[in-house]
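Engineer: everything below, folded, please.
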Amino acid sequence: MRRRAGFTLLEVCLAVAISVLLMFIAIPSFTGMLSKQKLEATFDRFDEFARQAQILSVTERRAFVIVWGDGTLAIEPDEPLAEDRGKEWPRLALSKEETLTIERPAALEKKPPMEWIFWRSGTCEPVIASYQGPEGAWVAKYDALTARGTFEARSSL
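Structural biologist: Just a heads-up that it's a prediction; the model follows:
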C-alpha cells in the first residue's frame, strides 16, 4: 500500500497549537519592549529640549532658563534684551496625561520655582527630573557640568 505525501490532521492541529502557545508567550514581551521604547522616547524628547537650552546659552553667550508653564515648557532668556521682543523661543508641549517636574537639590529656597537655568558657559543647575505618563515613569539626574541626564529609575506600564 502506497502512502500519500502530506500531513495528517493531527500533525496540523499540533503545529497550530504550538504556534498559538508561542504567540501567547511572545506578545507580552513584545508589548513590554514597545512600552519601554516609548518611555525612553519621552526621556529623549526632554533631553533634547534641555540640550537646546544648553546650545542657546553657549551660542548666545547668556543664560537661558527652562520655565514650566501650564502643560508646556519654554526656553527663555534669563535676562531678555530689547531685540528679544517678538522672538519665538523653543517650546515643549506635554499632553494632559503627562507630568514632568524637577527637583533642584542645590537651590537655597525650600520650594524653588519650576525653572532650570543654563549659564552662558553651557553648565546648568543640577536637577532631578521626574516624568509620569501613559508609557510609564522615569527619574533622571542631570549633571551640572555636562547637562546630560542619566536614568535613576524607570518603570513601564
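Engineer: going by C-alpha atoms from here, please, whenever you check contacts or count neighbours.
Structural biologist: Fine.
Engineer: enumerate every residue touching the residue nearest to the spatial centre of the chain.
Structural biologist: Centroid-nearest residue in the chain: residue 43, 1.6 Å away (criterion: Cα atoms, centre = their mean). Taking Cα atoms under 8 Å, 6 or more residues apart in numbering, we find residue 43 in contact with residue 138.
Engineer: any stretches of this protein with poor pLDDT?
Structural biologist: Low-confidence segments of the chain, defined by pLDDT under 70: 1-3, 26, 28-32, 156-157.
Engineer: now do the strands in it.
Structural biologist: Assigned strands in the chain, in chain order: 64-68, 72-77, 91-93, 99-103, 115-118, 127-133, 136-142, 149-156 (criterion: DSSP state E).
Engineer: the first one packs against which elements?
Structural biologist: This means strand 64-68. Here strand 64-68 touches helix 9-60, strand 72-77, strand 115-118, going by 3 or more Cα pairs under 8 Å, 6 or more residues apart in numbering; DSSP states H and E.
Engineer: and the longest one, how far out from the chain's middle?
Structural biologist: Its chain's C-alpha centre and that of helix 9-60 lie 14 Å apart, by Cα atoms, centre = their mean, to the nearest Å.
Engineer: circling back to that earlier point, relative to residue 17, which of the strands of the chain is closest?
Structural biologist: Smallest distance to residue 17 across these (Cα to Cα): 30.6 Å, for strand 149-156.
Engineer: show me what the closest one is packed up against.
Structural biologist: When contacts are defined as 3+ Cα pairs under 8 Å, 6+ apart, strand 149-156 sits against helix 9-60, strand 136-142.
Engineer: out of those, deepest packed?
Structural biologist: strand 136-142 (a mean of 20; mean count of other Cα atoms under 10 Å).
Engineer: now that strand against helix 9-60, angle please.
Structural biologist: Angle, strand 136-142 to helix 9-60, by axes from the mean of the first three to the mean of the last three Cα atoms, to 10 degrees: 30 degrees.
Engineer: quick one: contacts of strand 136-142?
Structural biologist: Applying Cα under 8 Å, 6+ apart, the external contacts of strand 136-142 come out as 35, 39, 43, 126-132, 148-157.
Engineer: weed out the non-buried ones from the residues you listed.
Structural biologist: Neighbour counting by 16 or more other Cα atoms under 10 Å classes 35, 39, 43, 126-132, 148-149, 154, 156 among the contacts of strand 136-142 as buried.
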